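**Student:** sequence first, then the predicted structure:
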Amino acid sequence: MTHAASLQPLAARRSGALNGRVRVPGDKSISHRALILAALAVGESRIAGLLEGEDVINTAKAMRALGAQVAREGEGAWSVRGTGVSGFAEPRDVLDFGNSGTGCRLVMGAVAGCPIAAIFDGDASLRKRPMKRVLEPLMRMGAQAVARGSGGSDLPLTLIGARDPRPIVYEPPAASAQLKSAVLLAALGAPGMTTVIEKEATRDHTEKMLGHFGAQVRVAPHGEHGRRITLEGQPELSPAAIRVPADPSSAAFPLVAALIVPGSDIVLDGVMLNPLRTGLFETLREMGAGVEILDRRNDGGEDMADLRVRASALRGVEVPAARAPSMIDEYPILAVAASFAEGVTRMRGLHELRVKESDRLAATADMLRVNGVETEIEGDDLIVHGRGRTPGGGTVATHMDHRLAMSAMVMGLASDRAVAVDDAAFIATSFPDFAGLMRRLGADLS
Ligand code: S3P
């Protein structure tokens, strides 16, 4: 069956005030890493609150195919008995990562440090995404790749892990946590010190969790916004207990919905507030958003809090390029908030958005335009002319991108006319119960 035969259209209509207390699912980045590191540890790790979205389930299947024992024991409760560092077995079948760039690139790193061959593939969206950027450092560490495409790096591809991986000093050419993490995971198999030098700090879940599983990792500041991360290779990773906090990138959708639907007042429980993930919250505050932080706490090494969100009058702001790494997945939903603000919002330095699940820069601009919002792209900047309300009435092309589909649905809850999406199926990659949770708050989605 082709995907076109199973399109799932969905529409959102102007809704009454949103109310209630909800918890969004577990963090996607942490969920992938918990499965991968547990699969590389010796002994049984337990994970609570795992995101059971399609992306993470594909990573769980890959860990099983590579020889780890992975079992689901209840809702979000998983146990993983790992193979040990460099202990992955050669998988018999293709590793299919579906829509997930994170799962695919991180597992490429983990495989690159083991003496096995594995075939990596994904859906039509993932097959279009750049893999050269991750293969380049992995090849410097001794891995080999055979791939299609003019640059010889498109999925599906065969990766042959290094028999004797070499430690490297690596400066990622893009601010990308996936690149950093792939190199650190490959470095587990290499003797001696591997160093990653980031010009701009990106989400630090891999280095934090490596420490949690017993690896020696040192993190030091580098320049104005960067970090230098050094990992000692060939550790024995010990099993760990992980509790996955609620995903701030998923919380962003009900949060913005509550800001723009008049009269709303909601609470989002246990949202992770890792400072490298909170750029959206900072930006919304500058726009005048009423977000109150309740019961701030630290659990398992991550800051988190309950967020009380009340409908607010928003104003346009300028979002600096330096903030992009801490809110890279949040621009489509910020663009929706900006369209309901008064005044112009300029989001700077969004080149990385062009290589997400879709060309998110172009697709976000199209989402707004088809709903009557004046929007421009100037170089790598997105400019939204907010008028305090949006006409709506459009059908948004989601290009197999979950975050565009959810952003469009949030927009429809406060637009003059309904907003539709061509396909809501990909929401299941990161937030399977999105429609159910939004309806529980009072959203009119059908
Ligand atoms: C992620 C890193 C980001 C982000 C993605 C998750 C991760 O990608 O967009 O959704 O878990 O490391 P890049 O590293 O390509 O910026």
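**Tutor:** Now that the structure is in, tell me what you want to look at. Computed from a prediction, not measured in an experiment: that's the story for all the values here. Numbering: from 1, shown residues only.
**Student:** so I47 versus D299, what's the distance?
**Tutor:** Applying C-beta to C-beta, to the nearest Å, the value for I47 to D299 is 14 Å. In this view, the C-beta of every residue, glycine as well, is placed from N, C-alpha and C.
**Student:** who has more neighbours, these two?
**Tutor:** Neighbour totals were compared for I47 and D299, and I47 leads with 25 against 11 (other C-beta atoms under 10 Å).
**Student:** isn't the more buried one right up against H32?
**Tutor:** No: with contact defined as C-beta atoms under 8 Å, I47 does not reach H32; the gap is 11.1 Å.
**Student:** let me see the mean pLDDT of stretch 249-269.
**Tutor:** Stretch 249-269 comes out with an average pLDDT of 98.
**Student:** mind listing what's buried in that stretch?
**Tutor:** Going by neighbour count (16 or more other C-beta atoms under 10 Å), the buried part of stretch 249-269 is 249-261, 264, 266-269.
**Student:** quick one: end-to-end distance for that stretch.
**Tutor:** Length of stretch 249-269, first residue to last, C-alpha to C-alpha, to the nearest Å: 14 Å.
**Student:** what's the answer for stretch 349-359, then?
**Tutor:** Separation of the first and last residues of stretch 349-359 by C-alpha to C-alpha is 14 Å.
**Student:** can you check stretch 172-179 too?
**Tutor:** End-to-end distance of stretch 172-179: 7 Å, with C-alpha to C-alpha as the criterion.
**Student:** can that stretch be said to contact the ligand?
**Tutor:** Yes: residues of stretch 172-179 contacting the ligand under C-beta under 6 Å from any ligand atom: 176-178.
**Student:** state the distance from N274 to the ligand.
**Tutor:** Separation of N274 from the ligand (C-beta to the nearest ligand atom, to the nearest Å): 12 Å.
**Student:** circling back to that earlier point, identify the contacts common to I47 and H32.
**Tutor:** Common contact partners of I47 and H32 (C-beta atoms under 8 Å, 6 or more residues apart in numbering): none.
**Student:** quick one: name the residues of this structure near the ligand.
**Tutor:** Contact residues, the chain versus the ligand (C-beta under 6 Å from any ligand atom): 29, 102, 176-178, 181, 203, 328-329, 352.
**Student:** so which of these is the closest to L314?
**Tutor:** Comparing these against L314 with C-beta to C-beta places D329 closest, at 20.0 Å.
**Student:** could I get the full set of helices for the stretch 101-250 of the chain?
**Tutor:** 101-112, 124-127, 132-140, 177-187, 205-212, 248-260 (DSSP state H, counting those that start in this stretch).
**Student:** what about T59, which SS state?
**Tutor:** helix (DSSP: H, G, I helix; E, B strand; the rest coil).
**Student:** and the residue lying closest to it once chain neighbours are set aside, how far from T158?
**Tutor:** Among residues not flanking T59 along the chain, G103 sits closest, at 4.1 Å (C-beta to C-beta, 6 or more residues apart in numbering). Distance, G103 to T158, by C-beta to C-beta: 17 Å.
**Student:** could you do L35 as well?
**Tutor:** 22 Å.
**Student:** neighbour count for those two, which is higher?
**Tutor:** The neighbour comparison of L35 against T158 (other C-beta under 10 Å) goes to L35, with 30 against 13.
**Student:** quick check, that one in contact with A60.
**Tutor:** Yes: the pair L35 / A60 is scored as a contact, 5.5 Å apart, by C-beta under 8 Å.
**Student:** what sits in contact with each of the two?
**Tutor:** 70, 78.
**Student:** list the contacts of G151.
**Tutor:** G151 touches K132, counting by C-beta under 8 Å, 6+ apart.
**Student:** what about E378, how many residues nearby?
**Tutor:** By other C-beta under 10 Å, the residues close to E378 number 9.
**Student:** quick check, pLDDT for it.
**Tutor:** 98.
**Student:** equivalent analysis for M1, please.
**Tutor:** Note on M1: pLDDT of 39.
**Student:** may I see the helices of the stretch 101-250 of the chain arranged in TSV, with distance to I197 as well?
**Tutor:** Shown next, in TSV, are the helices of the stretch 101-250 of the chain (distance: least, C-beta to C-beta, whole Å):
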stretch	distance to I197
helix 101-112	17
helix 124-127	28
helix 132-140	12
helix 177-187	10
helix 205-212	13
helix 248-260	26
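**Student:** of all those, which lies closest to A77?
**Tutor:** Nearest of these (C-beta to C-beta): helix 205-212, 18.1 Å.
**Student:** in stretch 408-422, which residues are buried?
**Tutor:** 408-415, 418-422.
**Student:** now I229: closest residue in space, sequence neighbours ignored.
**Tutor:** That would be V196: by C-beta to C-beta, 6+ apart, it lies 4.7 Å from I229.
**Student:** who does the one you found form a beta bridge with?
**Tutor:** For V196, the beta-bridge partners under DSSP bridges are Y170, I229.
**Student:** that one and L184 touch, don't they?
**Tutor:** Yes: assessed by C-beta under 8 Å, V196 is found in contact with L184 at 6.4 Å.
**Student:** which residues do those two both contact?
**Tutor:** Listed as contacting both V196 and L184 by C-beta under 8 Å, 6+ apart are I229.
**Student:** quick one: the strands in the stretch 151-300 of the chain?
**Tutor:** 154-160, 169-170, 193-198, 217-222, 226-232, 241-243, 265-272, 290-299 (DSSP state E, counting those that start in this stretch).
**Student:** let me have those strands in CSV, extended by distance to A11.
**Tutor:** Listed next are those as CSV, based on distance: least, C-beta to C-beta, whole Å:
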stretch, distance to A11
strand 154-160, 33
strand 169-170, 46
strand 193-198, 41
strand 217-222, 46
strand 226-232, 44
strand 241-243, 36
strand 265-272, 22
strand 290-299, 28
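**Student:** still on that earlier bit, from G161, how far off is the residue nearest to I229?
**Tutor:** Taking C-beta to C-beta, one finds V196 at 19 Å from G161.
**Student:** repeat that for G288.
**Tutor:** Distance from G288 to G161, by C-beta to C-beta: 51 Å.
**Student:** can you check G412 too?
**Tutor:** Look at G412 and G161: by C-beta to C-beta, they are 46 Å apart.
**Student:** now do L413
**Tutor:** Relative to G161, L413 is positioned 47 Å away (C-beta to C-beta).
**Student:** before we move on, what about A428?
**Tutor:** A428 is 31 Å from G161, by C-beta to C-beta.
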